[in-house]
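Trainee: Sequence below, structure please.
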Amino acid sequence: MLPAAFRLTSSQEFGLVVRRGRRAGRPRLVVHALTSPVDNSAPTTPTWVRDERTRVGFVVSKAVGNSVVRHRVSRRLRHLVADRLAQLPPGTGVVVRALGPAGTATSAELGVDLDAALRKLGFGGSA
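Mentor: Numbering: from 1, shown residues only. Below is the predicted model of the structure:
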């Protein structure tokens, strides 16, 4: 399980990662990642960067399925990302956006897509 301390919580944090981060798309998900800027002491630097903790957020829209399917996909993604936190540098913000086909994907398929996206972003990607 992904501890609450490692989750993005505000829409500003999500927006910052999506707008300023790099993106890697796969058939079932898109991963946005923003590594920490050089100046961690600036007042506008997000909290997760200042405390050098990797934070992860998830976006699972209605295109994925009904609420039961969306929550299942969210749980699977949280579990998969929790296993891969050590690969991400401290202070990294990550947003995982599930696409429509994620609703019918198995955990293994989501894991393959997540690993491929992380590799494309330069974070290794195999747990």
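Trainee: Could you identify the helix or strand that succeeds the helix-or-strand element of the chain with minimal mean pLDDT?
Mentor: Every helix and strand of the chain was ranked by mean pLDDT, DSSP states H and E. The lowest is helix 47-50, at a mean of 60. Once the chain leaves helix 47-50, the next helix or strand it forms, by DSSP states H and E, is strand 55-60.
Trainee: what angle sits between the helix or strand that that following strand is followed by and strand 55-60?
Mentor: In the C-terminal direction, the helix or strand that comes right after strand 55-60 (DSSP H and E) is helix 67-84. For helix 67-84 against strand 55-60, the angle by axes from the mean of the first three to the mean of the last three Cα atoms, to 10 degrees is 150 degrees.
Trainee: helices and strands around helix 67-84, which ones?
Mentor: In terms of contacts (3 or more Cβ pairs under 8 Å, 6 or more residues apart in numbering; DSSP states H and E), helix 67-84 is packed against strand 55-60, strand 93-98, helix 107-120. The C-beta positions use only the backbone N, C-alpha and C, and glycine is treated the same way.
Trainee: Just name the most buried of those.
Mentor: Highest mean neighbour count of those: strand 93-98, a mean of 24 (counted as mean count of other Cβ atoms under 10 Å).
Trainee: Let's see that one as CSV, backbone CA atoms only.
Mentor: Extracted as CSV, the C-alpha positions of strand 93-98 are listed here (Å, rounded to 0.1, in the frame of the first residue of the first chain):
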residue,chain,number,x,y,z
GLY,A,93,6.4,14.3,-8.2
VAL,A,94,4.6,11.6,-10.3
VAL,A,95,1.1,11.6,-11.7
VAL,A,96,-0.2,8.3,-13.2
ARG,A,97,-3.2,8.9,-15.4
ALA,A,98,-5.2,5.8,-16.3
